[in-house]
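Novice: Got a predicted model here, sequence first, then my questions.
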Amino acid sequence: MLPPCARDPEGLALLQTCKDNPLDVAPRLILTDWLEDHGEEELAKCLRKSIGVDEAVRLDGLVGERWAPLTHCSNGWIRWHGKYDEQTLAILPDSPWLSGLDFHRDSSGGDFTAKMIEGLSRRPMMKHIVRLHLDLRDKSAAKALGTVLARDPVSRQISDLSVQLADPDISFDPLLHGIATSRVLKNLDTLLVGQGKISRRSFRTLLNSPVLSGLRTLSLYCRDFGDDGATALARSPCLGNVVELQLFGTGIGELGVRELARSVNLRNVIYLGLPFNQLGPADIGILGGSPNIGRLEQLNLIHNRMTDSGLLALANNPRLTRLSRLIIGNNLVGDAGCAHVARFENFCNLKWLNLQANQIGPDGIAALARSEHHATLEFLIIGDNSIGKALSQIGRSARFRNLKYLDASRINEQGDDLGGTVREFAQLSLEQLRFCDNQMTDQGLFAIAGLPLLAKLKDLSLWNNDVGDEGVISLAQTPAAGGLKKLELAQNRIGNQGMVGLANSPHLNQLEELVLNANHIADEGAIALANIKGLPNLRTIDLSENPIGEAGRQALATSERLKNVRVTV
């Protein structure tokens, strides 16, 4: 049962205004103000936090109880996320507040069948849906969904549609036909089609459909899309309105890249993603020389075969001056590529740089540290490179003072003591630090506990290191740790004493999420947590894969202090 304000006529009228204008975020912000004024401050906070970001915001604690069974906020809408079954269908409310349905598979299955789709289509709640994300089991399910989308059982206000198939060899054609011929889908803004096969004829029919006339975000995850699909898309007028384009593992090659690069329809694209396509130096060179990518602000080329020459081609394009996010992890970029990023003005406005899992060494890091351009950089992902102690140069460089997020996981192949490297982070303004799988001992955590930046950190992830009780207790007893909201210490060697120290910390008052799976915590530590004195804002804790026995499990299950905390054992 939703709270009383969910039935307030004024709130429902404001919600309907949001749905009448699904592409305008302003009505949703007005609705959050109304919710706040009517006692739903936490829900309003979650809704605001979800707007304009990729990750959903989970409804936890008391707000999760009040708005159950609704589970998440996404882009200002309240939705349900989980596995579909008959029990789920029975508990979902036919309420306008249920604006999105995300039914995804998990390890036990959970794909939609044709029968499930027919059952769902008969529910009045489908008239209220703005966001619909489904994982389909087979071809009959795809056909059934296509039939439903082509007629009235679904909301005319659907703006965000995502469909993925369980088997990449299943045809998407019946579904695409239903979308292309739909009399209902008039506000489609976002379309994601993933994992299945698409015939050339069906894709061309979809591209020519008026349903896509207002499309602004298009994501395709279809391995047989290939150069023919890229050519058809490049020549389609619907691409002219698209601002976010992602072609994930679509098998495109030089011909497809060339067609996209020379298409004037690409000129409005702000985000371009071509990940997992095995694009080589020549392909990236063609893209880098395009006269139609001048509006690009974000470029995602992870998991290709890009080399230093590809970065040089991007650097030399005189129109490519707006890049704020460059994602080129899992390529073949080396130290010379880092030097290109550091040197050329095309990269001077970067706020986000992902260089993970390339071939970068100490010389590449030194080039970045000497750069005159990266004062705007806020997010740096440099893990899975053989950097080791050279990372300290980033900490010492004045040009990285605005860095908010640093992922330097798996950089320590040599097994060096990185405590001194961590101490060089003293002048950084980090809010999130990921330093995982680096063979870091308690000495490294002592170093972090003694840094001024700890007072600014909100998220600290140190999983799969060699941290023990002494390091954890040191952190728990440090007043500067009071701002931490998330702490990940999985796969270390933390035992009962460490758990006791965390549970009774007088400083970790903002901590909401604690991850301690695969450590050495037994019943004593679990009982200490059950009788917790600190951590007043804790919402979730993961203790799975620890040697906790029946006594510890019982204490956790019956703990009054943990009744609003999601505990995984």
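Specialist: Alright, I've got the coordinates.
Novice: After the lowest-mean-pLDDT helix or strand in the chain, which helix or strand is next? Please name it.
Specialist: Among the secondary structure pieces of the chain, namely its helices and strands, helix 86-91 has the lowest mean (mean pLDDT, DSSP states H and E), a mean of 76. Toward the C-terminus, helix 86-91 is succeeded by strand 100-103 as the next helix or strand (DSSP states H and E).
Novice: list the helices and strands that following strand packs on?
Specialist: With contacts defined as 3 or more Cβ pairs under 8 Å, 6 or more residues apart in numbering; DSSP states H and E, the secondary structure elements packing on strand 100-103 are strand 72-74, strand 77-82, strand 131-136. For every residue, glycine as well, the C-beta is placed using N, CA and C.
Novice: What residues sit buried inside the last one?
Specialist: Counting neighbours by 16 or more other Cβ atoms under 10 Å, one finds that the buried residues in strand 131-136 are Arg131, Leu132, His133, Leu134, Asp135, Leu136.
Novice: quick one on the thing from earlier: could the helices and strands packed on strand 100-103 go into JSON lines alongside mean pLDDT?
Specialist: What follows is those, written out as JSON lines (pLDDT from 0 to 100):
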{"stretch": "strand 72-74", "mean pLDDT": "94"}
{"stretch": "strand 77-82", "mean pLDDT": "91"}
{"stretch": "strand 131-136", "mean pLDDT": "88"}
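Novice: Quick one: closest of those strands to Leu454.
Specialist: strand 72-74 (29.8 Å; Cβ to Cβ).
Novice: And that closest one, how far out from the chain middle?
Specialist: In terms of Cα atoms, centre = their mean, to the nearest Å, the centre of strand 72-74 is found 13 Å from the chain centre.
Novice: can you list contacts of that strand?
Specialist: 43, 46-47, 49-50, 56-59, 78-81, 100, 102, 131 (Cβ atoms under 8 Å, 6 or more residues apart in numbering).
Novice: Just the buried residues from those, in PyMOL please.
Specialist: Per 16+ other Cβ under 10 Å, the buried members of the contacts of strand 72-74 correspond to this PyMOL selection:
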select buried, resi 43+46+47+50+56+57+58+59+78+79+80+81+100+102+131
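Novice: Looking at the contacts of strand 72-74, spot the one nearest Asn519.
Specialist: For Asn519, the nearest member of those is Arg58. The distance, counting by Cβ to Cβ, is 24.0 Å.
Novice: do you know how far the nearest residue to that closest one once chain neighbours are set aside is from Gly383?
Specialist: Sequence neighbours aside, His72 is the residue nearest to Arg58 in space, at 5.5 Å (criterion: Cβ to Cβ, 6 or more residues apart in numbering). Here the criterion is Cβ to Cβ, to the nearest Å. By it, His72 lies 28 Å from Gly383.
Novice: Same question for Gly468.
Specialist: For Gly468 relative to Gly383 (Cβ to Cβ), the value is 23 Å.
Novice: Look at the two and report which has more neighbours.
Specialist: The neighbour count for Gly468 versus Gly383, taken as other Cβ atoms under 10 Å, is higher for Gly383 (22 against 19).
Novice: Report the contact partners of the more buried one.
Specialist: Gln356, Ala357, Asp407, Ala408, Ser409, Arg410, Ile411, Arg434, Cys436.
Novice: where does it land in three-state SS?
Specialist: Per DSSP: H, G, I helix; E, B strand; the rest coil, the secondary structure class of Gly383 is coil.
Novice: Show the model's pLDDT score for it.
Specialist: The predicted structure scores Gly383 at 97 on the pLDDT scale.
Novice: Not counting sequence-adjacent ones, nearest residue to it?
Specialist: Ser409 (3.9 Å).
Novice: Dihedrals phi and psi, that neighbour?
Specialist: Taking degrees, to the nearest 10, you get phi -80, psi 150 for the backbone angles of Ser409.
Novice: which ones are touching it?
Specialist: With contact set as Cβ under 8 Å, 6+ apart, Ser409 has these partners: Gly383, Asp384, Arg434, Phe435, Cys436, Asp437, Asn438, Ser461.
Novice: any idea how far it lies from Ala447?
Specialist: Taking Cβ to Cβ as the criterion, Ser409 is separated from Ala447 by 17 Å.
Novice: got it, and Gly337?
Specialist: Counting by Cβ to Cβ, the gap from Gly337 to Ala447 is 30 Å.
Novice: quick one, which of those two is more surrounded?
Specialist: Neighbours of Gly337 and Ala447, each counted by other Cβ under 10 Å, are more numerous for Gly337; the result is 26 against 21.
Novice: Next up, the contacts around the more buried one.
Specialist: Thr307, Asp308, Gly310, Leu311, Leu312, Asn358, Ile360, Gly364.
Novice: again, 7 Å this time
Specialist: By Cβ atoms under 7 Å, 6 or more residues apart in numbering, the contact list for Gly337 reads Asp308, Leu311.
Novice: quick one: it and Asp283, what's the gap?
Specialist: Counting by Cβ to Cβ, the gap from Gly337 to Asp283 is 16 Å.
Novice: cool, Leu245 as well?
Specialist: With distances defined as Cβ to Cβ, the gap from Leu245 to Asp283 amounts to 16 Å.
Novice: Check Gly146 too.
Specialist: When distance is defined by Cβ to Cβ, Gly146 is 34 Å away from Asp283.
Novice: can you check Arg123 too?
Specialist: Applying Cβ to Cβ, one obtains 46 Å for the distance of Arg123 from Asp283.
Novice: Which of these two has more residues huddled nearby?
Specialist: A direct count of neighbours by other Cβ under 10 Å for Arg123 and Asp283 places Asp283 higher, at 25 against 17.
Novice: Assign the residue nearest to that one when sequence neighbours are not counted to helix, strand or coil.
Specialist: Sequence neighbours aside, Val257 is the residue nearest to Asp283 in space, at 4.7 Å (criterion: Cβ to Cβ, 6+ apart). Val257 falls in the helix class when you classify it by three-state DSSP.
Novice: what about Val257, neighbour count?
Specialist: Here the number of neighbours of Val257 (other Cβ under 10 Å) works out to 24.
Novice: Tell me which residues touch it, please.
Specialist: When contacts are counted by Cβ under 7 Å, 6+ apart, Val257 is found next to Leu279, Asp283, Ile286, Leu287.
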